[in-house]
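Q: here's a sequence, model it:
(2 chains, ligands or ions: 4)
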Protein chains: 2
Amino acid sequence: MRPEPCIIAVAITGSVPRKKDNPALPVTTAEQIESTHAAYEAGASLVHVHVRNADETPSSDPEKFAAFQEGIRKHCPDIIVQFSTGGRGRALEARGAMLHLKPDMASLATGSVNFPTIVYENPPDFVRTLATTMRDLGVRPEIEVFDLAMLFNTADLVAEGLILPRPHVQFVMGVKHALPARRDVLEFEVAKLKEVLPGATWTAAGIGRHQFEVARWALEMGGHTRT
Amino acid sequence: MRPEPCIIAVAITGSVPRKKDNPALPVTTAEQIESTHAAYEAGASLVHVHVRNADETPSSDPEKFAAFQEGIRKHCPDIIVQFSTGGRGRALEARGAMLHLKPDMASLATGSVNFPTIVYENPPDFVRTLATTMRDLGVRPEIEVFDLAMLFNTADLVAEGLILPRPHVQFVMGVKHALPARRDVLEFEVAKLKEVLPGATWTAAGIGRHQFEVARWALEMGGHTRT
Ligand SMILES: [Zn+2]
Ligand SMILES: [Zn+2]
Ligand SMILES: [Zn+2]
Ligand SMILES: [Zn+2]
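A: Numbers count the residues shown, from 1 in each chain, chains lettered A, B, ... in the order given. Ligands and ions are numbered 1, 2, ... in the order given. A predicted model of the protein is given here:
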């Protein structure tokens, strides 16, 4: 039995790091499954999944997502599996190509914003298509809020019925050119969330050196956390 | 003599409306100059300029900007001329192609965001190039903030020296998928502006039906206004 109400989540690999940066980085499916298994033994209850090509670049290959999910269901029977629909260098059309595998959850960024060197593109029609696909397949979205308008966009999508009420929202902070890791900004986001999406749950994630600071704010402010 | 301290500005045409929507819309250079002249007589002290192709689509043609500027200097000698570097359907490379004409000001969006049907793309390198070009030519930027991260990006660009200190910032509200027209959001933006860019001046612009409401908030909160 794990303690509630906090969901301790693990992001086994983001879309950016490479083995040359961190030799322990899990990249193959077997490595990713074992890394998740270790986190699960340590108490993690959710895994956020990016998969990689052989050259370690981000992949959208549904077969890789399927192999990961199959392994994870064996090793960590009750972990929540969350597929990433984001990630740099993945073609727009391909980013939702694995949703038919029906993971428990999938990430959904509800707008566009600058990232360190590129535009993180989530055009309006693309967001609507992903949201509708998730709704129709019973995949729960984790709304990724990189900038404030994405929060209000989410409320509009809920009002339209494309996202079910009481969504789960993750505020992401500290990605260069998107919202910085600032407690006042997080407090404003959470206050507006409570106003426009009452009943929604939320987490906050700080990127890189901001990870622990943002996790602490989230705990202090009553959100869930992700490690 | 016009009263200070409010700058009354006029945007003679945005990038979207067409003559079929509004037969009085100034589209040709001569029409734009006369429309600006009328606003100038009525007290406008700044003109925000988009130019059009013959088919009324947004244009980036430096010759059109030059013809407008030449006419406007004759008819409205002391009006502030501000060229738009934004606008839908203009190629990224072309959006700053008229800055060598040295208007008094030019608009500069410091990030990317969704617009009603597209991604309004201002990739990081593009923003840096536009900012540097304006600085080097002595063209004062009007920072267009469509979402909150753009405000923090602006502070970073000032810290790097690509934008001169005490910039002028315009908060734009009510464009679908970007920040909505909400007074609490504007109040938060203005509070953060004062914190990260002390000495900056600001205006707020509401799009379409939000125009007068946002202008009233800006007046009440001590900003300048644009009609
Ligand atoms: Zn195992
Ligand atoms: Zn991810
Ligand atoms: Zn005239
Ligand atoms: Zn404009």
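Q: so A:Asp125 makes contact with B:Thr117?
A: Yes. Using Cβ atoms under 8 Å, A:Asp125 makes contact with B:Thr117 at a distance of 7.4 Å. C-beta coordinates here come from the backbone N, C-alpha and C atoms, glycine included.
Q: and whichever strand or helix holds A:Val172, anywhere near chain B?
A: Using DSSP states H and E, A:Val172 sits in strand A:168-173. No. Using Cβ under 8 Å from any Cβ of the partner chain, strand A:168-173 stays clear of chain B, coming no nearer than 10.3 Å.
Q: what's the nearest residue to A:Thr203 if we skip its chain neighbours?
A: Distance criterion Cβ to Cβ, 6 or more residues apart in numbering or on different chains; nearest residue to A:Thr203, sequence neighbours excluded, is A:His224 at 4.3 Å.
Q: oops, could you answer that again for A:Val190 instead?
A: Nearest to A:Val190 is A:Met221, by Cβ to Cβ, 6+ apart, at 6.0 Å.
Q: what distance do you get for that neighbour to A:Asp184?
A: From A:Met221 across to A:Asp184, the span is 12 Å (Cβ to Cβ, to the nearest Å).
Q: so these two - more neighbours on which side?
A: Between A:Met221 and A:Asp184, counting by other Cβ atoms under 10 Å in any protein chain shown, A:Met221 is the more crowded of the two (14 against 11).
Q: doesn't A:Leu186 make contact with the more buried one?
A: Yes. The criterion here is Cβ under 8 Å, and A:Met221 meets it with A:Leu186 at 7.1 Å.
Q: need the residues touching each of these two.
A: Shared contacts of A:Met221 and A:Leu186 (Cβ atoms under 8 Å, 6 or more residues apart in numbering or on different chains): A:Ala204.
Q: and the most centrally placed residue in chain A, what pLDDT?
A: With distances taken as Cα atoms, centre = their mean, the residue of chain A nearest its centroid is A:Ser107 (4.3 Å). A:Ser107 carries a pLDDT value of 96.
Q: doesn't it belong to a strand?
A: Yes. The assignment for A:Ser107 by DSSP: H, G, I helix; E, B strand; the rest coil puts it in a strand.
Q: A:Ile72: neighbour count?
A: A:Ile72 has 22 neighbours, counted by other Cβ under 10 Å.
Q: list the contacts for it?
A: A:33, A:36, A:47, A:79, A:81.
Q: that one and ligand 1, how far apart?
A: Taking Cβ to the ion, to the nearest Å as the measure, A:Ile72 falls 9 Å from ligand 1.
Q: cool, and A:Phe146?
A: Where ligand 1 is concerned, A:Phe146 sits at a distance of 33 Å (Cβ to the ion).
Q: what sits against that residue?
A: A:Phe146 touches A:109, A:111, A:113, A:120, A:172, A:175, A:178-179, B:149, counting by Cβ under 8 Å, 6+ apart.
Q: what's the closest of the residues you listed to ligand 1?
A: Ranked by distance to ligand 1 (Cβ to the ion), those are led by A:Val172 at 28.9 Å.
Q: my guess is the closest one meets A:Leu148, correct?
A: No. Proximity of A:Val172 to A:Leu148 does not meet the contact threshold set by Cβ under 8 Å, at 12.0 Å.
Q: which neighbours do these two share?
A: Common contacts of A:Val172 and A:Leu148, defined by Cβ under 8 Å, 6+ apart, comprise A:Leu179.
Q: give the buried residues for the helix or strand hosting A:Thr132.
A: Using DSSP H and E, A:Thr132 sits in helix A:124-137. For helix A:124-137, burial by neighbour count (16 or more other Cβ atoms under 10 Å in any protein chain shown) applies to A:124, A:126-127, A:130-131, A:133-135.
Q: chain B next: which of those residues are close?
A: A:124, A:127.
Q: go through the buried residues of helix A:124-137 and name the one nearest chain B.
A: Within the buried residues of helix A:124-137, the smallest distance to chain B is 5.5 Å, found for A:Pro124 (Cβ to the nearest Cβ).
Q: what residues does chain A have near ligand 1?
A: A:37, A:75 (Cβ under 5 Å from the ion).
Q: excluding chain neighbours, give the residue nearest to the closest residue to ligand 3 within chain A in space.
A: In chain A, the residue that lies nearest ligand 3 is A:Ala149 (39.6 Å; Cβ to the ion). In space, and not counting its chain neighbours, A:Ala149 is closest to B:Asp147: 4.6 Å by Cβ to Cβ, 6+ apart.
Q: what about the one you found, neighbour count?
A: B:Asp147 has 32 neighbouring residues, counting by other Cβ under 10 Å.
Q: thinking again about what came up before, so what's the residue nearest to the centre of chain A up against?
A: Residues in contact with A:Ser107, defined by Cβ under 8 Å, 6+ apart, are A:48, A:82-86, A:141-142, A:144, A:170.
Q: run the last query once more with 10 Å
A: A:Ser107 is in contact with A:48-50, A:82-87, A:95, A:130, A:134, A:141-144, A:170, A:172, counting by Cβ atoms under 10 Å, 6 or more residues apart in numbering or on different chains.
Q: now swap in A:Gly71 and tell me
A: A:Gly71 is in contact with A:29-30, A:32-34, A:36-37, counting by Cβ under 10 Å, 6+ apart.
Q: ramachandran coordinates for it?
A: Per-residue torsions, A:Gly71: phi -60, psi -40 (degrees, to the nearest 10).
Q: where's A:Leu108 relative to chain B, distance?
A: To chain B, A:Leu108 is 14 Å away according to Cβ to the nearest Cβ, to the nearest Å.
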